[in-house]
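Chemist: this one's structure only:
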C-alpha cells in the first residue's frame with residue numbers, strides 16, 4: 001500500500017533558489033519551453049497563431065527569464081527577488097515526490113509549489129495520481145513509463161531523477177509528450193567514486209568475508225589472503241564524472257589505470273594520467289574492471305559469456321553503475337570457472353535481488369544494497385540539486401542538467417539569452433508569411449558571426465527557431481523539449497549555415513536569417529531573389545530587431561506586433577497609415593521604412609502594441625499607394 005503525506009517535517013536547513021544573471025540592457029520577454037501559449041484565431045491570417053502579448057510594465061531585465069513564457073495576462077513576471085506567483089487558477093504548481101528526498105530539497109520545492117510525498121506507489125497508483133501534478137521527482141525505484149506520461153494527459157511538465165542514471169524514465173515518451181527530464185549528475189559523484197574504491201579495496205583484501213568469519217567465531221587468516229593493488233591494472237569502463245574520479249583515486253593507490261569510453265576527451269584522460277583504450281584491450285589486459293557506464297540498449301548485458309571469455313583469468317570486477325550492464329547468470333558461471341576471481345557489486349538487475357540469488361550468496365562476491373550515493377553529504381546535495389533543477393524548469397528556465405533537451409552549458413545560456421528571444425520571434429514571423437498550399441518542408445537558418453564555427457553553439461537557437469515555426473500552425477503541445485521531435489515527425493527539415501563576417505567577436509551572433517523554401521508567401525515582398533521567404537534579425541541594445549524582409553532593409557524592434565506594408569515611396573505615407581492606427585486606438589511603438597530606390601518601392605515596418613481590428617486593417621489596405629500588407633503577431 002502506498003503511503004502519502006504532506007511532507008511537514010521540520011526543516012532546519014535552508015537553500016536559496018538558483019541565482020539569475022542580469023543584463024544591463026536586456027528587456028526580456030519570457031519564452032517558455034514548458035508552457036504552451038494560448039491559441040487565438042485571427043481574421044487576417046489563414047494560419048492559426050498563438051498569441052501571448054506582454055505588457056510593457058511586466059518586462060524583466062533578468063537574462064535567465066528570457067527562457068520563460070508564463071502567460072503574462074495570467075501570471076506576473078518573476079524577477080530574481082520576487083516570490084513565485086500563483087498559476088492561472090490561483091494555485092501553485094503541484095509536485096509529487098515518489099521516493100525519499102532530503103528535507104533540504106523539500107524546502108527548496110516548497111518555495112515554488114505544493115509538495116506531496118507518496119512513497120511505494122504501485123504503477124497503477126502512480127498513473128491514477130499523476131494527472132494532478134506538474135512535476136514528479138523519483139530516485140531509481142520508480143518506473144516512469146509511457147503509461148505514466150499518457151495518464152498525465154499533458155499536465156506533467158518535468159520529471160526529476162534524483163541521481164545520475166535515467167534508465168527508469170522512458171525518455172522517448174517524455175520527449176513526445178513535451179515533458180522535460182532533468183537529473184542530478186554532480187552531487188553524488190564523489191560519494192559514488194568513494195564507494196567504488198571502498199569496494200575495490202574491500203574485495204582485494206576479503207574484508208567482508210573475513211568479518212563474517214570472525215563474527216561466526218572463526219579465525220581463518222590463511223583462507224583470506226588478499227591481493228595487492230599497487231602495480232595492478234584497473235580498467236575504468238565509462239570515463240565520465242564518476243569514472244574519472246575513481247581513476248584519480250586509483251592512481252593514488254599506485255595502480256596503472258586505463259579507460260574505455262567512446263565519448264571521453266583524450267586530453268582529460270591524459271591530464272589524469274589515464275590511457276584511453278579499446279573495449280577489447282580493456283577486457284583482455286585488466287586485473288580489475290570498474291564499471292561506470294549508463295544502462296542503454298548498447299550497454300545492456302555488455303559483460304556476458306563472450307566478454308568474460310576474453311578477460312584475463314582471475315580478473316576482479318566492481319560495479320557501482322547499473323546492474324543491467326552485467327549478465328548476472330554469466331557472471332556466476334565466470335566466478336565458478338575461475339575466470340572471475342571476485343566481484344564487488346552495489347547494483348543489480350532487479351533491486352532488491354531475490355534472497356536466494358546465486359550471485360548474492362556466492363562466497364567470492366561482496367555486495368552492498370545500492371549505497372553508491374548513500375552518504376549524508378551526497379543525499380543532501382542530490383536533494384538540493386534535483387529540487388533546484390525541477391524548480392527552475394517549472395519557472396521556465398532551461399536546466400543545464402536536462403537530458404532530453406539541448407544540453408547547453410550555463411555560461412553559453414547566459415551569453416545566448418538575448419538571442420533566444422530573437423530566434424523564436426523570427427521563426428514565428430517566417431511561418432506567418434507562408435500562405436496555404438503544400439506546407440513547409442525545408443527551412444534554412446543562417447548565422448552571421450565573427451567567431452570561429454567551433455566557438456558558436458547554435459543548438460539552443462535552432463531549437464527555438466523550430467519552436468517558433470511549428471507552434472503557430474500546430475495543434476500539438478509544442479515546447480523546447482519536443483520541438484525537434486515533432487518537426488521531424490511533420491517532415492520538416494531544418495538546416496544551418498554559418499557565415500563569418502567582420503563584426504565584434506565579443507558578440508556570439510551578428511545576425512540570424514531564416515529562409516523557407518518551396519512555399520508561396522502571403523507577402524510577396526518577403527520573397528528574396530532566390531525565391532525563398534527570407535527575414536533577418538539581430539539583437540540591438542539587448543532587444544531583438546528585424547533588419548531585413550526579402551530584399552528590403554528595415555530596422556524595427558520586435559516588441560508587440562508588426563504590420564508590413566509594401567507601398568509606393570511617396571510623401572505622407574507614414575502619416576496616413578499612422579493616422580488610421582491612431583483613429584482606432586492602436587499605439588505605434590516603432591516604424592521603419594526600407595526602399596529599393598528613391599520614389600519607387602518601399603516597405604514600411606510598423607510595430608504596434610495592440611492588435612488592429614478588421615476595420616483598421618481594411619482601411620490600411622485601401623490606401624491607394626499600399627500595394628500589399630500583412631499583420632503579424634509576436
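Modeler: That came through fine. Fair warning: this is a prediction, and the values are worked out from it, not measured in the lab.
Chemist: what number of residues lie near the nearest residue to residue 266 once chain neighbours are set aside?
Modeler: Leaving aside its chain neighbours, residue 266 sits nearest to residue 276 (5.8 Å; criterion: C-beta to C-beta, 6 or more residues apart in numbering). Using the backbone N, CA and C atoms, a C-beta is placed for each residue, glycine as well. Residues near residue 276, counting by other C-beta atoms under 10 Å, number 19.
Chemist: Residue 276 touches residue 268, doesn't it?
Modeler: No: assessed by C-beta atoms under 8 Å, residue 276 is found out of contact with residue 268, at 9.5 Å.
Chemist: list residues touching both of the two?
Modeler: Residues touching both residue 276 and residue 268 (C-beta atoms under 8 Å, 6 or more residues apart in numbering): residue 239.
Chemist: which residues in the stretch 451-600 of the chain form strands?
Modeler: 493-500, 511-517, 533-540, 543-549, 552-557, 561-568, 588-595 (DSSP state E, counting those that start in this stretch).
Chemist: quick one, which of those strands is nearest to residue 482?
Modeler: Closest to residue 482 of the strands of the stretch 451-600 of the chain is strand 493-500 (C-beta to C-beta; 14.4 Å).
Chemist: who's in contact with the closest one?
Modeler: The contact list for strand 493-500 (C-beta under 8 Å, 6+ apart) reads 441-453, 456, 458, 462, 465-466, 487.
Chemist: Name only those of those residues that count as buried.
Modeler: 443-451, 456, 458, 462, 465-466, 487 (16 or more other C-beta atoms under 10 Å).
Chemist: Pick out the most distant pair among these.
Modeler: Across these (C-beta to C-beta), the longest gap, 29.1 Å, separates 450 and 487.
Chemist: my read is residue 317 is in a strand, agree?
Modeler: Yes: assessed by DSSP: H, G, I helix; E, B strand; the rest coil, residue 317 belongs to a strand.
Chemist: That one contacts residue 346, correct?
Modeler: No: applying C-beta under 8 Å, one finds residue 317 not in contact with residue 346, separated by 11.7 Å.
Chemist: Comparing the two, which residue is more hemmed in?
Modeler: The neighbour comparison of residue 317 against residue 346 (other C-beta under 10 Å) goes to residue 317, with 27 against 23.
Chemist: and residue 363, how many residues sit next to it?
Modeler: Applying other C-beta under 10 Å, we find 8 residues neighbouring residue 363.
Chemist: and it, what does it touch?
Modeler: Here residue 363 is in contact with residue 209 (C-beta under 8 Å, 6+ apart).
Chemist: Residue 141 and residue 268: what is the separation?
Modeler: Counting by C-beta to C-beta, to the nearest Å, the gap from residue 141 to residue 268 is 33 Å.
Chemist: quick one, which of these two is more surrounded?
Modeler: Remark: of residue 141 and residue 268, residue 141 carries more neighbours, 15 against 12, as counted by other C-beta under 10 Å.
Chemist: Need the phi and psi values for the residue nearest to that one when sequence neighbours are not counted.
Modeler: Using C-beta to C-beta, 6+ apart and skipping residues adjacent in sequence, the residue nearest residue 141 is residue 99, 5.6 Å away. Per-residue torsions, residue 99: phi -140, psi 160 (degrees, to the nearest 10).
Chemist: dump the residue contacts of residue 99.
Modeler: Contacts of residue 99 by C-beta under 8 Å, 6+ apart are 119, 137-139, 141-142, 162.
Chemist: How about residue 123?
Modeler: Neighbours of residue 123 in contact, by C-beta under 8 Å, 6+ apart: 143, 145, 147-148.
Chemist: Name the nearest of the contacts of residue 99 relative to residue 587.
Modeler: Of all the contacts of residue 99, residue 137 has the smallest distance to residue 587: 45.1 Å, by C-beta to C-beta.
Chemist: give me the low-pLDDT residue ranges for the stretch 51-200 of the chain?
Modeler: The model of the stretch 51-200 of the chain has pLDDT under 70 over residues 51-90.
Chemist: can you give me the helices for it?
Modeler: In the stretch 51-200 of the chain, the helices defined using DSSP state H, counting those that start in this stretch lie at 103-110, 123-129, 146-152, 171-176, 189-204.
Chemist: Save those as a markdown table, and put in distance to residue 623 too.
Modeler: A markdown table is the format used below for these (distance: least, C-beta to C-beta, whole Å):
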| stretch | distance to residue 623 |
| --- | --- |
| helix 103-110 | 57 |
| helix 123-129 | 59 |
| helix 146-152 | 51 |
| helix 171-176 | 48 |
| helix 189-204 | 66 |
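Chemist: Ok, which of the ones you listed comes nearest residue 249?
Modeler: helix 189-204 (4.9 Å).
Chemist: Following the record's annotation, map out the domains of this protein.
Modeler: 94-183+379-395, 187-218+225-367, 408-508+515-527, 551-633 (the TED database).
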